[in-house]
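Enquirer: how would this look folded up:
(4 chains)
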Number of protein chains: 2
Amino acid sequence: MDKISEFSLQVFELNGLFIGIGDAALKPLGITSAKWQVLGTASMGKAQLSVPHIAKLIGQSRQATQKTANDLVRLGLAEFHENEFHKKSKLFVPTQKGLDTHKLALEIWMKISNSIISQIAPDELLRAIKINDELIGILRKINGGNHDK
Amino acid sequence: MDKISEFSLQVFELNGLFIGIGDAALKPLGITSAKWQVLGTASMGKAQLSVPHIAKLIGQSRQATQKTANDLVRLGLAEFHENEFHKKSKLFVPTQKGLDTHKLALEIWMKISNSIISQIAPDELLRAIKINDELIGILRKINGGNHDK
DNA sequence: TTCAAAATGACAATATATTGTCAATATGAG
DNA sequence: CTCATATTGACAATATATTGTCATTTTGAA
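Expert: Numbers count the residues shown, from 1 in each chain, chains lettered A, B, ... in the order given. Predicted coordinates for the structure are as follows:
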């Protein structure tokens, strides 16, 4: 099998494993991996972000991120704030409960992360991250500019 | 951010990119990345496989693979053959049309694969595949033996 | 300023995948 | 052989994600 196929099949399995492990670990907090990703993106940055902005950052469709964001608002973990500079584009802002949940999720995740890190060579992991970055760049170009088809 | 988080976020995006590129490229053949993965697993091995066996090989739930397999049968790309050694467990066998489709899909994919490979250092890709393998092993253990909950 | 192009939110259709459950069949330890 | 355990296929509920469409708002170039 060609090495890109091998790599992509690994990505598919890793994707499922990370989501599965995350969902199980975050279950007590009432959120999932997908919700944590959106909540985390909004919680960690300095500036307040709109949903389409978050979607671009995490490389996801605008609509998928919007759905997750709406769910987070429904759960009381975030709110839409009026954007004085852009009437139509609201800002997605975590509530205090959202920030608290994100902090607890991070603590839970760090235990898992540390456990994994203790089992692998750090420099190899850095190398993997570097090649992943290159591949993301290449694949984004192949995928074409997402024109919000 | 910890390196495992960084890595997992890359995996999420790579997952979406590979699926998106695959779906677009395979569209003329009437199949998707998910269907190609199941069809491919059944087409490339020597022995005929059951659906649960394929699911384990690709690290997916039995039910998800069953759904895809049923769809492939509905499309005329595969058939369920009676298993003389196991009355209840049918064998998932590609039809000639399924084998032809898989061959065409492979040709399409190889062009994409070669294009990607030409843009990265081969030894780095091999390293990434190696660390992915290690991580899959570690994550499988964390995820616990899938007892078909 | 004007107006075409882009961005945004909302909604729908479809695909993919997990988890859970159930009944039927198969397997293996005793 | 017998019976507890595991496997299998089927079905349902839910979550996640893409693609497509539409009306509205915003932006930016002529």
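Enquirer: tell me where chain A has helices.
Expert: Ranges of helices in chain A, per DSSP state H, are A:3-26, A:33-44, A:51-58, A:62-74, A:96-117, A:122-143.
Enquirer: the first one packs against which elements?
Expert: In other words, helix A:3-26. helix A:33-44, helix A:96-117, helix B:3-26, helix B:51-58, helix B:96-117, helix B:122-143 (3 or more Cβ pairs under 8 Å, 6 or more residues apart in numbering or on different chains; DSSP states H and E). All C-beta spots, glycine's among them, are computed from the backbone N, C-alpha and C.
Enquirer: what comes up buried for the third one?
Expert: Spelled out, it's helix B:3-26. Buried residues in helix B:3-26, counted by 16 or more other Cβ atoms under 10 Å in any protein chain shown: B:3-22, B:25-26.
Enquirer: which residues touch the residue lying closest to A:Lys130 once chain neighbours are set aside?
Expert: Among residues not flanking A:Lys130 along the chain, B:Glu124 sits closest, at 7.5 Å (Cβ to Cβ, 6 or more residues apart in numbering or on different chains). By Cβ atoms under 8 Å, 6 or more residues apart in numbering or on different chains, B:Glu124 lies in contact with A:Arg127, A:Lys130, A:Ile131, A:Glu134.
Enquirer: of the residues you listed, which is the most crowded?
Expert: A:Ile131 (20 neighbours; other Cβ atoms under 10 Å in any protein chain shown).
Enquirer: please name the residues that touch that one.
Expert: A:Ile131 touches B:Ile120, B:Glu124, B:Leu125, B:Arg127, B:Ala128, counting by Cβ under 8 Å, 6+ apart.
Enquirer: residue of chain A nearest DNA strand C, please.
Expert: A:Pro52 (3.2 Å; Cβ to the nearest atom of the strand).
Enquirer: mean pLDDT for the helices of chain A - can I get that in CSV?
Expert: What follows is the helices of chain A, written out as CSV (pLDDT from 0 to 100):
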stretch, mean pLDDT
helix A:3-26, 92
helix A:33-44, 93
helix A:51-58, 94
helix A:62-74, 95
helix A:96-117, 94
helix A:122-143, 92
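Enquirer: got the phi and psi for A:Lys46?
Expert: Main-chain torsions, A:Lys46, degrees, to the nearest 10: phi -80, psi -40.
Enquirer: excluding chain neighbours, what is closest to the residue nearest the centre of chain A?
Expert: Closest to where the C-alpha atoms of chain A average out (Cα atoms, centre = their mean) is A:Gln37, at 3.1 Å. Residue nearest to A:Gln37 in three dimensions, not counting chain neighbours: A:Ile58, with 6.0 Å by Cβ to Cβ, 6+ apart.
Enquirer: would you mind measuring from that neighbour to A:Glu79?
Expert: 20 Å (Cβ to Cβ, to the nearest Å).
Enquirer: what's the neighbour count on the closest residue to A:Met110 other than its chain neighbours?
Expert: Using Cβ to Cβ, 6+ apart and skipping the chain neighbours, the partner closest in space to A:Met110 is B:Asp2 (6.6 Å). Residue crowding around B:Asp2 was assessed by other Cβ under 10 Å; the count is 15.
Enquirer: I figured B:Asp2 hits A:Ser113, correct?
Expert: Yes: look at B:Asp2 against A:Ser113 with Cβ atoms under 8 Å: they come within range, at 4.8 Å.
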